[in-house]
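Engineer: Generate coordinates for the sequence data below:
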Amino acid sequence: MSAIKRTLRVPKYCRQKYQSKTDLAYCRIDGKKVFLGPHGSLESKRRYAELIAGPGAELPMGNSEPIGSIPTDPTVSELLVPFLKFAKTFYQSDGGPKGEYGEYKRVLSVLRRHAGRMLAADFGPRVLKQIRQPEIAASSGELHEEGV
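Structural biologist: I've put the predicted structure just below:
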């Protein structure tokens, strides 16, 4: 099985909550927490900007959100590609893909068509149900037309 290609992501501006103290801002770099100062403060946002963009980086004017708040989560399509590569190697016998791979490919093409550009974090059971219902209705109509 081949290694999944990882993309570099901008570390998120996070909040460490404390009951008795001021909440602190931090981001994770190489798996370690780097504390930036009081959460939401100009000091912590400047420190964050410096860590992300390098020294001398400025925050965008008129925006209270930190620079790293632009969505960096993968889309549904970005998750489907490595899964299909995995499925092609996992679901095979005698050197060729089994039927499961073909079914995954067929079903995931529908998913990609309807929700491919959606952030994977926003995809959930309700979205799946919205996609699934018309597909079920269409396939049951095909069965009735064939006389099954």
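Engineer: How about the contacts made by D23?
Structural biologist: D23 sits next to 15-17, 38-40 when contact means C-beta atoms under 8 Å, 6 or more residues apart in numbering. In short, each C-beta sits where N, CA and C put it, glycine included.
Engineer: make that E78, sorry
Structural biologist: A120.
Engineer: Filter the contacts of D23 down to the ones in strands?
Structural biologist: When the contacts of D23 are checked against strands (DSSP state E), the matches are 15-16, 38.
Engineer: Where does pLDDT dip in this structure?
Structural biologist: 1-8, 53-72, 141-148 (pLDDT under 70).
Engineer: three-state assignment of K33?
Structural biologist: For K33, the assignment made with DSSP: H, G, I helix; E, B strand; the rest coil gives strand.
Engineer: For beta bridges, what are the partners of it?
Structural biologist: Applying DSSP bridges to K33 gives these bridge partners: R28.
Engineer: separation between it and T22?
Structural biologist: 16 Å (C-beta to C-beta, to the nearest Å).
Engineer: Y101 now?
Structural biologist: For Y101 relative to T22 (C-beta to C-beta), the value is 53 Å.
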